[in-house]
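Student: Structure, please.
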Amino acid sequence: MPLIKIIRHGQLTLPADFRKALDVKDGDYLEAELQEDCVVLKPAVILDRAEAIKRLHRLMDQVQAKNEHISDEEVERDVAAAIRAVRRTKSHAKRRS
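Tutor: Presented below is the predicted three-dimensional model:
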């Protein structure tokens, strides 16, 4: 197990084989989580808000294109049925507690 030295301002250097295994490079972000007496680092993806919105719109367009043969009435019927099912489940769970 390699030793990592903490330097000024709490900075540290991840060993090259760790960076390679995690596919992290200069400028990438890591999420840090404290678990008991351990620090767990995980690669994080940071998206620009405008780019995230563009991706979401593209995805929504793809979904809509795949489902263009489904009528608005069918969608409303399916949504209403899903809502009823969730309400039944919640009601059932409340009676059990």
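
Student: Span of stretch 63-74 from start to end?
Tutor: Using C-alpha to C-alpha, to the nearest Å, the end-to-end distance of stretch 63-74 comes out at 15 Å.

Student: Give me the mean pLDDT for it.
Tutor: Regarding stretch 63-74, the rounded mean pLDDT is 88.

Student: Just give me how far that stretch sits from the chain centre.
Tutor: Centroid separation for stretch 63-74 versus its chain: 27 Å, with C-alpha atoms, centre = their mean, to the nearest Å.

Student: likewise stretch 40-47?
Tutor: Distance, centroid of stretch 40-47 to centroid of chain: 10 Å (C-alpha atoms, centre = their mean).

Student: quick one: average confidence on that stretch?
Tutor: The average pLDDT within stretch 40-47 is 90.

Student: cool, and stretch 19-26?
Tutor: Stretch 19-26 comes out with an average pLDDT of 93.

Student: What's the local residue count around Glu76?
Tutor: 10 (other C-beta atoms under 10 Å). For every residue, glycine as well, the C-beta is placed using N, CA and C.
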